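In: heads up, no residue letters with this:
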């Protein structure tokens, strides 16, 4: 079964004020025939008023957003694909079929040990899939997550879950089906993104980078 057909719902996390990212994500969806798919909807990203014990307000918002989406999917007994709004698909993604069974699916990620994905630390959660059972298990884990010191970001929490519950089947797309599009970050904004003139120049440079990346994919 092609990977996108495996999900009951597809949700894209997007801050309402980031119309630029929404438009770019809609263009991505259009290229793979999912823009008007009734399973697809944008989810208003959470922007907390304080970071608490996260590294940033943005990191907390990403965590809370994915946690909420998993909780809702678990309550409905549905599978879900969660996309961040800076997700850029690689060519051939529409026809990709995941090998074997899975409850957790990594579509976009960076691995510190790509030769050993199961044991590797994984960065990125911009294309994460969960079966109905996977959503139930991970939502429960996130709700009761125990930690000391800095709160782990969502990608680290997923790694923690897999290491604590190695029997839960996980599949990785090899190579990854999506990368993170170069875009002004709401998690850790650069200094030049805070200055209007430099922000404009930075945005233009990112567009060039994305066009070059699209040529290569």
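Out: Yes, it's here. Nothing here was measured: the structure is a model prediction, and the numbers come from that model.

In: show me where pLDDT drops low in the protein?
Out: Within the chain, the segments meeting pLDDT under 70 span 183-217.

In: need the strands for it, in chain order.
Out: Ranges of strands in the chain, per DSSP state E, are 9-14, 40-44, 80-84, 87-89, 104-111, 122-130, 170-172, 178-180.

In: Of all those, which one is nearest residue 139?
Out: strand 122-130 (8.7 Å; C-beta to C-beta). C-beta here means a position set from N, CA and C on the backbone, and glycine is covered the same way.

In: What strands flank the closest one, and is each parallel or antiparallel?
Out: Using DSSP bridges, strand 122-130 pairs in its sheet with strand 80-84 (antiparallel), strand 104-111 (antiparallel).

In: Can you tell me which of those strands is packed in deepest?
Out: Of all those, strand 80-84 has the most neighbours on average by mean count of other C-beta atoms under 10 Å, namely a mean of 25.

In: which residues are in contact with that one?
Out: Here strand 80-84 makes contact (C-beta atoms under 8 Å, 6 or more residues apart in numbering) with 4, 6-13, 25, 62, 66, 69-70, 73, 105, 107, 125-130, 135, 178, 180.

In: Take the strands of the chain and lay them out in a markdown table including distance to residue 50.
Out: Shown next, in a markdown table, are the strands of the chain (distance: least, C-beta to C-beta, whole Å):
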| stretch | distance to residue 50 |
| --- | --- |
| strand 9-14 | 20 |
| strand 40-44 | 19 |
| strand 80-84 | 22 |
| strand 87-89 | 27 |
| strand 104-111 | 28 |
| strand 122-130 | 22 |
| strand 170-172 | 33 |
| strand 178-180 | 26 |
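
In: So residue 131 sits against residue 98, correct?
Out: No: the criterion here is C-beta atoms under 8 Å, and residue 131 misses it with residue 98 at 10.8 Å.

In: Nearest to residue 154, out of the strands of the chain?
Out: Per C-beta to C-beta, nearest to residue 154 of these: strand 122-130, 5.1 Å.

In: Can you give me the buried ones in the closest one?
Out: Using 16 or more other C-beta atoms under 10 Å as the test for burial, strand 122-130 gives 122, 124, 125, 126, 127, 128, 129, 130.
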